[in-house]
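Q: Below is the structure, and that's it, no one-letter string:
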């Protein structure tokens, strides 16, 4: 299981974006120290109240210079042509790959807010096709020394990408996949899928995981397969010393969650490609128990509770979890990151190294005693039998 720390630099009223960015830097550095595998942020444009990270490609190189181990994943880069030309994305990705010494990955999507889509004059009926073509352009540019592409949205003559990336065959590519159609598309392309995030529950995520495995196995792949099943915890991850404290803090984010999903139902009416988002109207955001326990979009509690919640994702067969750790005071976020790294991550990375309670160890010792005594009795019986056989051999004889 890989653990991905995701933040969008949510900045509360009365604060400045400059201060929030400085806090975010400290959070990423702590995440690396305590064992998180990766950090990622989304590309959010003209967002109100929920995000400030409009240029991850600028944030990441700064953080790359301050870190040595943690990976950086774009969660996600938007591929509508009016927002990002796919060839520019490939160039930036290759540059980041060099600067990080192979510590970058690319998640892509088509956008899920009307604020951004309307601001960039993106058609919600065309952006899915632009996303799929964009992925093809990026992979051709990264995989081939000389590449070209002819499609509805891109017509690129033979060219060679500069600079060249360092990861082989190229940095991992993933796609945001909130619907069965997107999960199927990602699997057939042989790229990773970031699944869930729609507050639909664990059964919904499990169906997506199973669908991805099925489609991945049945598809013919032209490019190297980069399979990865990533569960998206889009509500929040908050780990505290007690579950009551964690839930108290997480409950304050209900307004932010509602705001961040407010565009979903509107988007569902603009294009059939977004129709699946209409299900958000069935989610009762006032039902705290459902959100925390069953929505598959929150990991909230003390370390022991968080371990149990992560285990539910592990049992599904996911490879990684992207967890939004944002929206609370900086000191609380730092505490949550440290507790999660200190107690939760080791339980999945190296469980035998985790010191258990003495009573648990004693219980296991007592349970192991009958087998030990049976083995000891069998050994002593065999030893006596061997000794008896030796005693019957005549002594004092010579050959």
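A: Received the coordinates, thanks. Because the structure is predicted, anything quoted here is derived from the model rather than measured.

Q: okay, and for this structure, where does confidence drop off?
A: Along the chain, the model assigns pLDDT under 70 to residues 255, 259-260, 390-399.

Q: Residue 222 versus the residue nearest the centre of it, what's the distance?
A: Centroid check for the chain by Cα atoms, centre = their mean gives residue 322 as the closest residue, at 2.8 Å. From residue 322 across to residue 222, the span is 27 Å (Cβ to Cβ, to the nearest Å). No exception for glycine: its C-beta is placed from N, CA and C like everyone else's.

Q: residue boundaries of the strands in this structure?
A: Taking DSSP state E, the strands of the chain run over residues 2-6, 38-41, 71-78, 104-109, 147-150, 155-159, 173-177, 192-196, 229-233, 236-239, 298-301, 320-324.

Q: The second one - contacts with which helices or strands?
A: In this case it means strand 38-41. With contacts defined as 3 or more Cβ pairs under 8 Å, 6 or more residues apart in numbering; DSSP states H and E, strand 38-41 has these neighbours: strand 2-6, helix 17-34, helix 56-66, strand 71-78.

Q: Kindly report the same for the last one.
A: Under the contact criterion of 3+ Cβ pairs under 8 Å, 6+ apart, strand 320-324 touches strand 2-6, strand 229-233, strand 236-239.

Q: returning to that earlier point: from the helices and strands packed on strand 38-41, which stretch is densest packed?
A: Comparing the helices and strands packed on strand 38-41 by mean neighbour count (mean count of other Cβ atoms under 10 Å), strand 71-78 ranks first with a mean of 25.

Q: roughly how far apart are residue 51 and residue 303?
A: According to Cβ to Cβ, residue 51 and residue 303 sit 28 Å apart.

Q: Let me fix that, I meant to ask about residue 163.
A: Look at residue 163 and residue 303: by Cβ to Cβ, they are 43 Å apart.

Q: Looking at these two, which one has more neighbours?
A: Using other Cβ atoms under 10 Å as the criterion, residue 163 and residue 303 rank with residue 303 on top: 18 against 10.

Q: Could you list which residues are in contact with the closest residue to that one other than its chain neighbours?
A: Using Cβ to Cβ, 6 or more residues apart in numbering and skipping residues adjacent in sequence, the residue nearest residue 303 is residue 343, 3.6 Å away. Residues in contact with residue 343 (Cβ atoms under 8 Å, 6 or more residues apart in numbering) are 239, 303-304, 306-307.

Q: which of those residues has the most neighbours?
A: residue 239 (28 neighbours).

Q: right, and that residue touches residue 341 too?
A: No. Taking contacts as Cβ atoms under 8 Å, residue 239 lies outside contact range of residue 341: 9.1 Å.

Q: Disregarding residues adjacent in the polypeptide, which is nearest to residue 225?
A: Leaving aside its chain neighbours, residue 225 sits nearest to residue 190 (4.0 Å; criterion: Cβ to Cβ, 6+ apart).

Q: so how many other residues sit close to residue 50?
A: Neighbour count for residue 50, taken as other Cβ under 10 Å: 20.

Q: buried sites along stretch 245-262?
A: Judged by neighbour count using 16 or more other Cβ atoms under 10 Å, the buried positions of stretch 245-262 are 245-247, 249-250, 253, 256-257, 260-261.

Q: how long is that stretch end to end?
A: End-to-end distance for stretch 245-262: 27 Å, by Cα to Cα, to the nearest Å.

Q: outside of stretch 147-156, which residues touch it?
A: Contacts for stretch 147-156 (Cβ under 8 Å, 6+ apart): 81, 86-87, 126, 129-130, 133-134, 136-137, 140-141, 157-161.

Q: So among those residues, which ones count as buried?
A: Neighbour-count burial (16+ other Cβ under 10 Å) applied to these gives 81, 86-87, 126, 129-130, 133-134, 136-137, 140-141, 161.

Q: among these, which two are most distant?
A: Maximum pairwise distance among those (Cβ to Cβ): 25.4 Å, between 126 and 161.

Q: related to what we said a few turns ago, how about the helices and strands packed on strand 320-324 in JSON lines, adding distance to residue 38?
A: Formatted as JSON lines, these follow (distance: least, Cβ to Cβ, whole Å):
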{"stretch": "strand 2-6", "distance to residue 38": "4"}
{"stretch": "strand 229-233", "distance to residue 38": "10"}
{"stretch": "strand 236-239", "distance to residue 38": "14"}
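
Q: And the ones you listed: which comes nearest residue 179?
A: Comparison of the helices and strands packed on strand 320-324 against residue 179 by Cβ to Cβ identifies strand 229-233 as nearest, at 13.0 Å.

Q: which helices and strands does the closest one pack with?
A: Counting contacts by 3+ Cβ pairs under 8 Å, 6+ apart, strand 229-233 is packed against strand 192-196, helix 202-218, strand 320-324.

Q: show me what contacts the spatially closest residue to residue 328 that is not a sequence neighbour?
A: Ranked by Cβ to Cβ, 6+ apart and with sequence neighbours excluded, the top spatial neighbour of residue 328 is residue 249, at 5.6 Å. Applying Cβ under 8 Å, 6+ apart to residue 249 gives the contacts 238, 240, 328, 332.
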